[in-house]
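*Asks:* Need a 3D model of the following:
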Amino acid sequence: MSVYLLRRLIQALGVVLVMSLIVFIGVFAIGDPVEILISPDADQIERERAIVALGLDKPLWLQYLSFLGNALRGDLGRSFVFNEPALQLILNRMPATLELAFGAMFLALLVGLPLGLYAGLKPNSPVSKGIMAGSILGFSLPTFWVGLMLIMVFAVQLGWLPSTGRGETREILGMRWSFLTRDGLAHMAMPALNLALFKISLVIRLTRAGVRETMLMDYVKFARAKGLSPARVTFVHVFKNILIPVVTVVGLELGSTIAFSVVTESVFAWPGMGKLIIDSINVLDRPVIVAYLMIIVLMFITINLVVDLTYSVLDPRVRLEGK
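*Replies:* Predicted coordinates for the structure are as follows:
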């Protein structure tokens, strides 16, 4: 296990280094932030002074080396717009995005696993067919449209839930969290559900396919022949063996949920990282864009490593170390 972890950490370091170069060149090759940040009435002297202050007068390779050296010290640059450390800006918004993403994935597992299990065990029943038809809707409906419909029904017409914002928060470990208060949970309900709809459909179909395939295996037939109860066959021999593909996809989807929650955060005015990156792109706030993308890369790498380690817990037959 230690050899495997060391090898994965070395691979992760290489991936981060390559991605930092790609992200840096890609972001800095787009537009000129001076044209947005400096008034058109400014003279050439003021423009030159601003370019030097922003560090844009140096060659691109020198800017990258400076960025890399500062990143090793935990400094990902200062925002052109807010004049604050880019990392600090992102960390201030991160709790809002993380609780929304984890809330969506929790709903996906809470709803998707039992529905997919039922649809797999009784595939020909009308309820199962209704579940699968509903999963197709979850895949097909646009996220922004569903969000607007949720606001119109539950906030405008029924008045049950607040439409926008994060609500009351409570501080733990220096971070503000919404799920710890009733008002925060009320504000979180609709955006989390909107973000979870696609994931619920995905978990339903994955679970159903896994159950249908596992039910045909010899060890399941043998367990039935031994006279084990249907509940024991389902939850011990079937359910445990379908978790590996589900965990794989859910782990990857968690990373994508964190990275691409932009639409949901925009619709519900949720003050997370997605809204920050959209605002930063509009004004070409390059340090914030680069810092955001680098943090997302680190999150994906960490999640993939955790998923791989979870394999050996779910199924001891999976060996992580290679010879």
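
*Asks:* Name the nearest residue to Lys199, sequence neighbours excluded.
*Replies:* Using C-beta to C-beta, 6 or more residues apart in numbering and skipping the chain neighbours, the partner closest in space to Lys199 is Ala108 (3.5 Å). Any C-beta I mention is one placed from the backbone N, CA and C, and that applies to glycine too.

*Asks:* I figured that neighbour hits Val246, correct?
*Replies:* No - using C-beta atoms under 8 Å, Ala108 is not in contact with Val246; the gap is 10.1 Å.

*Asks:* returning to that earlier point: how many other residues sit next to the residue nearest to Lys199?
*Replies:* Neighbour count of Ala108, defined by other C-beta atoms under 10 Å: 26.

*Asks:* In stretch 241-255, which residues are buried?
*Replies:* Residues of stretch 241-255 classed as buried by neighbour count (16 or more other C-beta atoms under 10 Å): 241-244, 246-251, 253-255.

*Asks:* between these, which is nearest Asp183?
*Replies:* Ranked by distance to Asp183 (C-beta to C-beta), these are led by Leu254 at 25.9 Å.

*Asks:* That closest one contacts Ala101, correct?
*Replies:* Yes - using C-beta under 8 Å, Leu254 is in contact with Ala101, at 6.3 Å.

*Asks:* would you list every one of the strands in this protein?
*Replies:* Using DSSP state E, the strands found in the chain span residues 170-172, 175-177.

*Asks:* Can you check which of the ones you listed gets nearest to Leu62?
*Replies:* Nearest of the strands of the chain to Leu62, taken as C-beta to C-beta: strand 175-177 at 35.5 Å.

*Asks:* Which strands and helices lie in contact with that closest one?
*Replies:* Here strand 175-177 touches helix 86-121, strand 170-172, going by 3 or more C-beta pairs under 8 Å, 6 or more residues apart in numbering; DSSP states H and E.

*Asks:* low-scoring stretches of the chain, by residue?
*Replies:* Applying pLDDT under 70 to the chain picks out residues 1, 4, 28-43, 53-56, 311-323.

*Asks:* Can you give the domain ranges for it?
*Replies:* Residue ranges for the domains of the chain, per automatic domain parsing: 2-72, 88-314.

*Asks:* out of these, which comes closest to Arg78?
*Replies:* Of those, nearest to Arg78 by C-beta to C-beta is domain 88-314, at 6.0 Å.

*Asks:* Quick check: end-to-end length of stretch 149-156?
*Replies:* 10 Å (C-alpha to C-alpha, to the nearest Å).

*Asks:* Check stretch 164-171 too.
*Replies:* With C-alpha to C-alpha applied, stretch 164-171 spans 21 Å between its terminal residues.

*Asks:* And for stretch 258-274?
*Replies:* First residue to last in stretch 258-274 (C-alpha to C-alpha) measures 8 Å.

*Asks:* Pull out the buried positions in that stretch.
*Replies:* For stretch 258-274, by 16+ other C-beta under 10 Å, it's 258-259, 261-265, 267-268, 270-274.

*Asks:* what sits up against that stretch?
*Replies:* Residues outside stretch 258-274 that contact it (C-beta atoms under 8 Å, 6 or more residues apart in numbering) are 90, 93-94, 96-98, 100-101, 143-144, 147-148, 151, 163-166, 190-191, 194-195, 275, 277-278, 292, 296, 299-300.

*Asks:* among those residues, which are in helices?
*Replies:* Taking DSSP state H, the ones among the contacts of stretch 258-274 that sit in helices are 90, 93-94, 96-98, 100-101, 143-144, 147-148, 190-191, 194-195, 275, 277-278, 292, 296, 299-300.

*Asks:* Filter these down to the buried ones.
*Replies:* Burial by neighbour count, 16+ other C-beta under 10 Å: within the ones in helices among the contacts of stretch 258-274 this picks out 90, 93-94, 96-98, 100-101, 143, 147, 190-191, 194-195, 275, 277, 292, 296, 299-300.

*Asks:* what number of residues lie near Val238?
*Replies:* Here the number of neighbours of Val238 (other C-beta under 10 Å) works out to 23.

*Asks:* no, scratch that, I was asking about Gly14
*Replies:* A total of 10 residues lie near Gly14 under the criterion other C-beta under 10 Å.

*Asks:* Around the nearest residue to Ser163 once chain neighbours are set aside, how many other residues sit close by?
*Replies:* Leaving aside its chain neighbours, Ser163 sits nearest to Ala155 (3.7 Å; criterion: C-beta to C-beta, 6+ apart). Ala155 has 16 neighbouring residues, counting by other C-beta under 10 Å.

*Asks:* go on, Leu76?
*Replies:* Other residues near Leu76 come to 22 when the count uses other C-beta under 10 Å.

*Asks:* So it sits against Val290, correct?
*Replies:* Yes - the pair Leu76 and Val290 qualifies as a contact (C-beta under 8 Å) at a distance of 6.8 Å.
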